[in-house]
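Student: what would the 3D arrangement of this be:
(chains A and B)
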Amino acid sequence: MMITKVIISITMTAALLVGNHCDAKDKVSVDDLVSNVNRASYYAGDDGRSDARMIVIDKDGNKQLRQFVILRKDREDEGDQSFLVVFSRPTDVKDTVFLVDKKVKSDDDRWLYLPGLDLVKRISAGDKRTSFVGTDYYYEDVSGRNPALDSHHIINQTEDTYLLKSVPKESGEVEFSYYQSTISKETFLPMTVEYFNDDNKLYRKVEVVEVKEIEGIPTVIKSQVKNLETGSTTLLQFRKPRYNLGIPDDVFTTRSLRSPPRQWLEAK
Amino acid sequence: MTFKTIIALLTLSAVAFSVESANEKTEDMWGDEVWGENWQEEETSPWSVAGFVEVAYGKRLQSDVLFERPETLEEVRGHLELDYTATGFEFSFAGDTWYDGVTEQQEYDIREFVVDISALENTDIKLGRQVITWGTGDLVFLNDLFPKDWESFFAGRDDTYLKASSNSLRVTSYFSAINIDFVWTPVFTADHYIDGERFSFFNPLAGQQVGGQDRVNPVEPKETLSNSELALRLYKNIDGVEYAVYGYRGFDKQPVGLTDDSEPTFHRKDIVGASIRGAVASGLYHTELAYHDAKKDGNGTNPLVSNSQLRWLIGYEREVATRLTLGLQYYLEWTQDYDELLENSPYPQFEVTEKRHLVTTRLTYRSQKDEWIWSLFGFYSPSDKDSYIRPSVSYRFSDEWAFTAGANIFSGRDDHTFFGQFKDASNAYVRVRYNFN
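Tutor: Next up is the predicted model:
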């Protein structure tokens, strides 16, 4: 009885999801696709929180751990949004807090709080594609790359996926010459993103490993990034993600750097 | 056991650790054993513990006749952090103990012993021993009069130790119009300045370097309520531009004044200032102004009191190439009533220049995953004709092991200028740290 109910409900949800996207499925415009991908990847719900941890494994098998809680709030769908990341491990980044005011029309404002010095450090907008706390992820992977910075083309599609090629408009600002995303037609999540260098050589690959439906929203639970040049891999895992919590605006101010908002950091 | 042996042992164990890890295969990358512990069942204890053990060694690059031994840093240090989080408040402890081979003493320092109450809607209260920082300067401080440890900074300890702690009450209130940060330090807390214990300095009264056996023993302000330190900051972030106004009522943080009996002391000082920090052209700019008012010497004629100063800073920082960041600052210290200062000074030849100009550069290169950080910070004063260069390289081998090497290089034309007096303090150092949690 119970199982039947669950199955019915899942089928209905799936039907609803498919139903929503059905018309667009075969003749989707690039702009719509890019917009859907952006929404699915970075704007699920109006806000969200999740526990997260990363394992960095270098080519020799040495491992490092990063553990943090991430909070997000959208000012506007596909528009400005804020992120707060509070680290708990390892020792040398414990209590470090990272705040981003992501702006679609101008450079993001970013702050880092270094607890040992009680220092609120501002980070310049230029270095978005640098390592996120020593992992193979970039800051830009965490808060999302502005789709307007690249020109996009659908270069292929299968029954389940689109293949999207994205070329930076200003090539001097990034380390890749283009990237290709394999996008699920069902969820609009980019299941793989492959980065190519000037020699057309694949050197970096971000993959979704597991997706779970959370509050009706397909949510990446596990993903990984491989740096093919260095042989280093970073695994990223989320735990207890939640959406639409009603996190107030003032959680995303520099106040939270010195006094992290404990009530929003704890998993509900 | 000598220091060389300790460092050799630590290096060996690090190498052994690396070989052991390399033999592990990462076949099932997503298996639970990869993560080392079961996160799903990890209990959420209100306590958290972390810390490190560090060995550090540094020595002079030249000799200083006032010191027999060349070592400027020789220590084994333990650092422990303990936090307790509850609803509405948090307790933090952070403390260090180290055997200091230079002073040949076991030393202790509590960096944090503080209760953080954030139960009130718009106000955070921190009471106890704590480290406090504000202002926009990079290693240049105009409105931040919270205690600093220049000896640690010059000796090559971790940059964190530049900021010392004070026993204070800090109240920060957030309003829609403006945020207010107020700090009350009941008992005046001086900087840990260069007092001759580890490095010598130029004493204008003696007309020569002082240090070694001879140290500064200043007269401290009396511990009365009226001698407590007050610091205030009003600040606001408007569209990503950070505006702040500052006030300080207290004392010189270093014994640059003299009593009537010619003993070094800390004189009363008030400060008002302001700063702006924001983003421009993929980079960050900051500018800060401060007027240091010598309360005991309004017209600059008293030779026992340092004159009032107007201080101004402007800086810009940006990533100039992949993972290479360049920061530039210009800083001015303009001594007021300069003619009066020279007329009344017993040693006009050793007085500061009227306008002390300082240029700083910071160059930081980080490797792809931040394992290696190469840093070069330079202070250069065209007016004093002196400089202070801080090269360093650090290697983060793992979450546990970190290695750092660096140097503090002072030079100058004259013996009495800000950096010139530390010519014989130039040193190089290494540090090995093991983090735990």
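Student: going by C-alpha atoms from here, please, whenever you check contacts or count neighbours.
Tutor: Fine.
Student: could you tell me which residues of the stretch 51-200 of chain A lie near chain B?
Tutor: Within the stretch 51-200 of chain A, the positions adjacent to chain B are A:55, A:60-65, A:90-92, A:107, A:109, A:116-120, A:122-127, A:130-131, A:133-136 by C-alpha under 8 Å from any C-alpha of the partner chain.
Student: leaving out sequence neighbours, find the closest residue to residue B:360.
Tutor: Spatial nearest neighbour of residue B:360, chain neighbours left out: residue B:379 (4.5 Å); criterion: C-alpha to C-alpha, 6 or more residues apart in numbering or on different chains.
Student: how close does that neighbour sit to residue B:151?
Tutor: 17 Å (C-alpha to C-alpha, to the nearest Å).
Student: kindly report the same for residue A:86.
Tutor: 32 Å.
Student: the more surrounded of the two?
Tutor: Using other C-alpha atoms under 10 Å in any protein chain shown, the more surrounded residue of residue A:86 and residue B:151 is residue A:86, with 25 against 21.
Student: that older thread, buried only: go through the residues of the stretch 51-200 of chain A next to chain B for me.
Tutor: Buried members of those, scored by 16 or more other C-alpha atoms under 10 Å in any protein chain shown, are A:55, A:60-65, A:90-92, A:107, A:109, A:116-120, A:122-127, A:130-131, A:134-136.
Student: residue in the stretch 101-250 of chain A nearest to chain B?
Tutor: residue A:134 (4.4 Å; C-alpha to the nearest C-alpha).
Student: the residue positioned nearest the centre of chain B - nearest residue in space that isn't next to it in sequence?
Tutor: By C-alpha atoms, centre = their mean, chain B has its centre lying nearest to residue B:162, at 2.1 Å. Using C-alpha to C-alpha, 6+ apart and skipping the chain neighbours, the partner closest in space to residue B:162 is residue B:149 (4.8 Å).
Student: correct me if wrong: residue B:209 contacts residue B:195.
Tutor: No - Residue B:209 is beyond contact range of residue B:195, at 11.2 Å (criterion: C-alpha atoms under 8 Å).
Student: tell me which stretches of chain B form helices.
Tutor: Secondary structure of chain B (DSSP state H): helices located at B:3-23, B:32-35, B:150-155, B:338-344.
Student: least reliable of these going by mean pLDDT?
Tutor: Here the lowest mean pLDDT among the helices of chain B goes to helix B:3-23, at a mean of 47.
Student: what about residue 49, how many residues close to it?
Tutor: You didn't pick a chain, so chain A it is. Neighbours around residue A:49, by other C-alpha under 10 Å: 27.
Student: correction: the question concerned chain B.
Tutor: Around residue B:49 there are 14 residues (other C-alpha under 10 Å).
Student: same check, this time on residue B:201
Tutor: 27.
Student: residues in contact with the nearest residue to residue B:198 once chain neighbours are set aside?
Tutor: Sequence neighbours aside, residue B:72 is the residue nearest to residue B:198 in space, at 6.3 Å (criterion: C-alpha to C-alpha, 6+ apart). Counting by C-alpha atoms under 8 Å, 6 or more residues apart in numbering or on different chains, residue B:72 makes contact with B:57, B:58, B:59, B:60, B:102, B:155, B:198, B:199, B:427.
Student: tell me, how many residues neighbour the closest residue to residue A:196 other than its chain neighbours?
Tutor: Residue nearest to residue A:196 in three dimensions, not counting chain neighbours: residue A:202, with 4.4 Å by C-alpha to C-alpha, 6+ apart. Residue A:202 has 18 neighbours, counted by other C-alpha under 10 Å.
Student: got the phi/psi numbers for residue A:31?
Tutor: phi -60, psi -40 (degrees, to the nearest 10).
Student: that one and residue B:138: what is the separation?
Tutor: Counting by C-alpha to C-alpha, the gap from residue A:31 to residue B:138 is 43 Å.
Student: now do the contacts for residue B:35.
Tutor: Contacts of residue B:35 (C-alpha under 8 Å, 6+ apart): A:55, A:65.
Student: 7 Å - rerun?
Tutor: residue A:55 (C-alpha atoms under 7 Å, 6 or more residues apart in numbering or on different chains).
Student: how much space separates it from residue A:197?
Tutor: Taking C-alpha to C-alpha, one finds residue B:35 at 31 Å from residue A:197.
Student: ok so, going back, between residue A:31 and residue B:138, which one's more packed in?
Tutor: Legend: neighbour count by other C-alpha under 10 Å for residue A:31 and residue B:138, higher for residue B:138 (17 against 13).
Student: contacts only, for the more buried one.
Tutor: By C-alpha under 7 Å, 6+ apart, residue B:138 has no neighbours at all.
Student: may I have the phi/psi pair for it?
Tutor: phi -100, psi 100.
Student: any idea of the pLDDT on it?
Tutor: So residue B:138 comes in at 96 (pLDDT).
Student: below-threshold pLDDT in chain B: ranges please.
Tutor: B:1-28, B:36-38, B:40-43, B:119 (pLDDT under 70).
Student: spell out which residues of it are next to chain A.
Tutor: Within chain B, the positions adjacent to chain A are B:21-22, B:24-26, B:35, B:50-51, B:131-133, B:160, B:163, B:240, B:282-284, B:318-319, B:323, B:368-371, B:398-399, B:435-437 by C-alpha under 7 Å from any C-alpha of the partner chain.
Student: return the subset of those lying in strands.
Tutor: In strands, judged by DSSP state E, the following of these are found: B:50, B:51, B:283, B:284, B:318, B:319, B:435, B:436.
Student: the residues you listed: which two are farthest apart?
Tutor: B:283 and B:436 (35.4 Å; C-alpha to C-alpha).
Student: which of these two has more residues huddled nearby?
Tutor: The residue with more neighbours, out of residue B:283 and residue B:436 and counting by other C-alpha under 10 Å, is residue B:283; that gives 21 against 17.
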